[in-house]
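J.: Requesting a structural model of the entry that follows:
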Amino acid sequence: MLEIKNLVKDYGNGPVLDGISIDVDRKEVLVIIGPSGCGKSTLLRCINGLEKIQGGEILLEGEKINDESINWSEVRQRIGMVFQNYELFPHMTILENITLGPTKVQNKNKRYVEESAKELLDRVGLLDKINSYPRELSGGQKQRVAIVRALLMEPEIMLFDEVTAALDPEMVREVLDVMLELAKQGSTMIIVTHEMNFARAVADRVIFMEKGHIVEEGEPEEFFTNPKTDRAKEFLNTFTFEKK
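T.: Numbering: from 1, shown residues only. Below you'll find the predicted structure:
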């Protein structure tokens, strides 16, 4: 579904991404882990067109999407992204925040969008907050709203960039549960996370990055129980894992 070929991203001080190649199948959940500064978030931003690349190709369903002629507004309707910071408009209600894109950008019927919004808010346990403002919600609730907002655009693939990094520990679980449910429903997702137990539970495949390179990849059980590279072993030894 998504092909990344020899991707290079350089801010001028040497490559942040140095020839990255990844394929993602439909309904696959790919989790990307690695130390801070290894290029994980930059990779997602390149896929979503938020960073200009210096080399390589990105193809969605066989169509090259990193050409100068590409309309990124249209591409981002197919590739949804959820960030660390929720980016909700403070002066709008939750319903207004999440329906803005589908009604204004995609020109969908307002009544249809609002009904879909209610269904999704109900699924993530936030239907009672539909007329609330962002300031009235906790961090975990805001992040769930941000996920619903992305889902309402009906993207083909979802990118999650360390969406729990800014949350208090007790709020992390409620957001991860929503993402686990999406995975069970067959959503195609690329997830950057520091939550190793979550990564192990949700991933179909894990990629470990360092210094702009893919160091190791594999199925989650194999990767987390028997990493092949010394660097992956060293990285995983800094985490405590839940017993199965």
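J.: helices and strands around the longest helix that the chain contains, which ones?
T.: In the chain, taking DSSP state H as the definition, the longest helix is helix 169-184. In this structure, helix 169-184 makes packing contacts with helix 139-152, strand 189-192, helix 196-202, judged by 3 or more CB pairs under 8 Å, 6 or more residues apart in numbering; DSSP states H and E. Bear in mind the C-beta positions are built from the backbone N, C-alpha and C, glycine included.
J.: could I have the longest one exported to PDB, CA atoms only?
T.: I take that to be helix 139-152. Output of helix 139-152 as PDB, limited to C-alpha atoms (Å, rounded to 0.1, in the frame of the first residue of the first chain):
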ATOM      1  CA  GLY A 139      -4.900  15.500  28.000                       C
ATOM      2  CA  GLY A 140      -6.000  12.000  27.300                       C
ATOM      3  CA  GLN A 141      -9.400  13.100  26.200                       C
ATOM      4  CA  LYS A 142      -8.000  15.700  23.900                       C
ATOM      5  CA  GLN A 143      -5.800  13.100  22.300                       C
ATOM      6  CA  ARG A 144      -8.700  10.800  21.700                       C
ATOM      7  CA  VAL A 145     -10.600  13.700  20.100                       C
ATOM      8  CA  ALA A 146      -7.600  14.300  17.800                       C
ATOM      9  CA  ILE A 147      -7.700  10.600  16.800                       C
ATOM     10  CA  VAL A 148     -11.400  10.900  16.000                       C
ATOM     11  CA  ARG A 149     -10.800  14.100  14.000                       C
ATOM     12  CA  ALA A 150      -8.300  12.200  11.800                       C
ATOM     13  CA  LEU A 151     -10.600   9.200  11.400                       C
ATOM     14  CA  LEU A 152     -13.500  11.400  10.300                       C
END
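J.: what's whichever helix or strand comes after it packed up against?
T.: Under the assignment DSSP states H and E, the closest C-terminal helix or strand after helix 139-152 is strand 157-161. Based on contacts counted as 3+ CB pairs under 8 Å, 6+ apart, the elements that strand 157-161 packs against are helix 40-47, strand 79-82, strand 189-192.
J.: Could you tell me how many residues sit around the closest residue to residue 201 other than its chain neighbours?
T.: Computed as CB to CB, 6 or more residues apart in numbering, the closest residue to residue 201 that is not its neighbour in sequence is residue 180, at 6.7 Å. Applying the criterion other CB atoms under 10 Å, we find 14 residues in the vicinity of residue 180.
J.: and if you look at residue 233?
T.: Using other CB under 10 Å, the number of residues around residue 233 comes to 12.
J.: That one falls within a helix, correct?
T.: Yes - inclusion of residue 233 in a helix is indicated when DSSP: H, G, I helix; E, B strand; the rest coil is applied.
J.: can you tell me which residues contact it?
T.: Residues touching residue 233, when contacts are defined by CB atoms under 8 Å, 6 or more residues apart in numbering, comprise residue 227.
J.: Geometric centre of the chain: which residue is closest?
T.: Per CA atoms, centre = their mean, the C-alpha nearest to the average position across the chain is that of residue 160, at 1.5 Å.
J.: Bridged to it, which residues?
T.: When bridges are called by DSSP bridges, residue 160 pairs up with residue 82, residue 191.
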